[in-house]
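# What would the 3D arrangement of this be:
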Amino acid sequence: MATKSDFTADEWKTLLESPLLAGFAITAADPIGFFTTIREGWAEAKELAAAKTTASDELIKAVAEDLLTSEGRTAARDGVKALVAGAQISELKGKALGELKRAAAIVDAKAPGDAAAFKTWLGHISQLVAEAAGGGFLGFGGVQVSDNEKATLAEIHGVLGV
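I've put the predicted structure just below:
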């Protein structure tokens, strides 16, 4: 099983950013509003906290543990901010997908035994974020997962190869 020491600092930073980008791609696909963004962020945070203790894959646990530290969280957020700096709203999803593809390539090359579980986990995070966004006003009405989010989920699964 792969650990942080199996990756370069740049590769590890990409892996740390990937759970954030899995959710970010969904948010960028269908930016609805402030409260929706909060619900989406909360869904992602709950999954990260759960993965730290319940994930069966050691790479997933290591990434979740590192993201839940101040240093890891700051590195991941700074990386995402740098990625989207100066980008047009229409470019955000594509940038996130490109980095997810890079993360998938890194785990495929450096941690083939963990790759399927890790990439499936990223897809799961994006699904949770998509589901958190739906429901209309105060959870009533609306659709659970919008067409734009469904299309983005398919794109995420495509770049991850899951």
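
# Quick check: the residue lying closest to Glu58 once chain neighbours are set aside vs Ala49, distance?
Excluding its sequence neighbours, the residue lying closest to Glu58 (CB to CB, 6 or more residues apart in numbering) is Met1, at 3.9 Å. The C-beta positions use only the backbone N, C-alpha and C, and glycine is treated the same way. Noted for Met1: a distance of 21 Å to Ala49, by CB to CB, to the nearest Å.

# Next: Lys110.
Distance from Lys110 to Ala49, by CB to CB: 26 Å.

# still on that earlier bit, for the residue nearest to Glu58, list the residues it contacts.
Asp57, Glu58, Leu59, Ala111, Gly113, Asp114 (CB atoms under 8 Å, 6 or more residues apart in numbering).

# And Ala64, by the same measure?
Pro19, Leu48, Ala49, Ala51, Lys52, Ala55.

# let's see it at 6 Å
Contact analysis of Ala64 by CB atoms under 6 Å, 6 or more residues apart in numbering lists Leu48, Ala51, Lys52.

# Doesn't it belong to a strand?
No - counting by DSSP: H, G, I helix; E, B strand; the rest coil, Ala64 is not part of a strand but helix.

# helices and strands around the lowest-mean-pLDDT helix or strand in the chain, which ones?
Lowest on mean pLDDT, DSSP states H and E among the helices and strands of the chain sits helix 34-54, with a mean of 74. Using 3 or more CB pairs under 6 Å, 6 or more residues apart in numbering; DSSP states H and E as the contact test, the elements touching helix 34-54 are helix 58-67, helix 112-133.

# mind putting these in a markdown table, mean pLDDT and distance to Lys101 included?
Below are the helices and strands packed on helix 34-54 laid out as a markdown table (pLDDT from 0 to 100; distance: least, CB to CB, whole Å):
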| stretch | mean pLDDT | distance to Lys101 |
| --- | --- | --- |
| helix 58-67 | 94 | 17 |
| helix 112-133 | 92 | 10 |
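
# got those helices as TSV, with distance to Ala82 columns?
TSV is the format used below for these (distance: least, CB to CB, whole Å):
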stretch	distance to Ala82
helix 58-67	17
helix 112-133	20
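
# how far away is the nearest residue to Ala29 once chain neighbours are set aside from Ala75?
Excluding its sequence neighbours, the residue lying closest to Ala29 (CB to CB, 6+ apart) is Thr152, at 3.8 Å. Distance from Thr152 to Ala75, counting by CB to CB: 25 Å.

# Please identify which of those two sits among more neighbours.
Thr152 (24 against 18; other CB atoms under 10 Å).
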